[in-house]
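Novice: Turn this into a model:
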Amino acid sequence: MTDDARTTDPAAPTGSPDHGGTATLRVSCLGDSITRGQLGADVLDLLRRRHAPGRLRLRRFAANGDLAWNLRQRLDEVIATPADVITVLIGTNDARAAVPGHPVDRVVRRKGLPTRPSAAWFEDNLAAVVERLRAETDARVALLTLPVLGQDLDGPAAEASAAHSRIVARVAAAHGVACLPLHDRQVDELRRLGAPPVPYEEATPARIIGDLLRQAVLRRSVDDIARRRGLALTVDHVHQNSRGAGLIAEVIDAHLATPAP
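Specialist: Here you go, the predicted model:
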C-alpha cells in the first residue's frame with residue numbers, strides 16, 4: 001500500500017437532511033488503502049450504490065499504507081466531522097508486517113513509526129482509537145475484522161490476517177462496540193467459490209504501479225487483473241477487486257440496517 005497524504009473525501013455526495021421521508025445517515029469510514037479505494041475497487045462507491053440517492057452521507061478518512069498507529073494520529077478531523085456511524089477497517093498493514101519477508105524496516109521509515117509493528121502494539125493502538133471515538137463522538141462505532149490476506153487459507157499471510165482479526169474482535173468486545181465479521185465472510189466466500197490456494201505475493205510498489213498503468217493505459221479493470229492472476233477477492237493479494245470490496249460493503253450495510261440500541 002503506497003502512501004497518500006490526502007485522507008478525506010470532500011467530493012463525496014452530501015445528500016440532504018431528509019430524503020424521501022427517510023433521514024440521511026451520516027457515515028464516516030476510517031481505514032487504509034482498502035478504504036481509500038485508489039488501488040482496487042472502491043468500497044464506498046459500492047456502499048453508496050446500495051442505497052437511494054441522498055440516503056447516505058459518506059465521508060472517507062483513509063490513507064494508503066496506514067497502520068493502526070497512523071490512524072490514531074489523525075483522529076482530530078474524524079472527531080470534528082459529525083457522524084451517526086463510524087466504521088473502522090484498519091490492521092491489514094499491521095498484519096502484513098507479521099508475514100515473513102515483509103520489508104518492515106522500510107515500512108517503519110516510510111510511515112514514521114516509533115517502533116517496529118507487533119500484534120500487541122496493534123491491539124494497543126486500535127484500543128486507543130476506539131476509546132477516543134467513544135469518548136469524543138456520539139457515533140455508533142463499528143470495527144471490521146480484516147480482509148483475507150492472500151488466497152491460501154493455510155498460509156502465513158492468511159493466518160496473519162486471521163490473528164489480527166481476532167485482536168479486532170477482542171478490542172470490540174472489551175470496549176462494547178460492534179464487530180463486523182468481514183474476515184469470516186471472506187473465508188466463507190473463498191470456500192464457496194472453491195478458490196485455489198494461490199501462493200501469497202507481496203503487493204510491492206512496483207506491482208501496484210504496474211497495475212495502475214494496466215488500468216489507465218491498457219484499460220484493464222481490477223477484476224480483469226484479478227482474473228488473470230487467479231484471484232477471487234483481490235487484485236494483488238491485498239487490495240480488493242469488486243467481489244472482495246462488495247463483501248466489505250455488504251457487512252457494513254448489514255450493520256447500518258441494524259437499529260441503534
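Novice: Can you tell me the closest non-neighbouring residue to Ala68?
Specialist: Once flanking residues are discounted, Ala68 sits nearest to Asn125: 3.8 Å by CB to CB, 6 or more residues apart in numbering. C-beta coordinates here come from the backbone N, C-alpha and C atoms, glycine included.
Novice: name the element that neighbour belongs to?
Specialist: Using DSSP states H and E, Asn125 sits in helix 119-136.
Novice: State the mean pLDDT of that helix.
Specialist: Mean per-residue pLDDT for helix 119-136: 98.
Novice: Who are the packing partners of it?
Specialist: helix 68-73, helix 75-80, strand 85-89, helix 92-96, strand 140-144, helix 156-175 (3 or more CB pairs under 8 Å, 6 or more residues apart in numbering; DSSP states H and E).
Novice: one more time with 10 Å, if that's ok
Specialist: If contacts are counted by 3 or more CB pairs under 10 Å, 6 or more residues apart in numbering; DSSP states H and E, helix 119-136 sits against strand 25-31, helix 68-73, helix 75-80, strand 85-89, helix 92-96, strand 140-144, helix 156-175.
Novice: neighbours around Leu144, how many?
Specialist: Applying other CB atoms under 10 Å, we find 29 residues neighbouring Leu144.
Novice: Ok, Asn64 next?
Specialist: Neighbours around Asn64, by other CB under 10 Å: 21.
Novice: Kindly state the pLDDT recorded for Arg74?
Specialist: 97.
Novice: ok, it touching Leu30?
Specialist: Yes: judged on CB atoms under 10 Å, Arg74 makes contact with Leu30 at a distance of 9.0 Å.
Novice: what do the two both touch?
Specialist: By CB atoms under 10 Å, 6 or more residues apart in numbering, Arg74 and Leu30 have these common neighbours: Thr7, Phe61, Ala62, Ala63, Asp66.
Novice: ok, and the most crowded of those?
Specialist: Most neighbours among the shared contacts of Arg74 and Leu30, by other CB under 10 Å: Asp66, with 29 neighbours.
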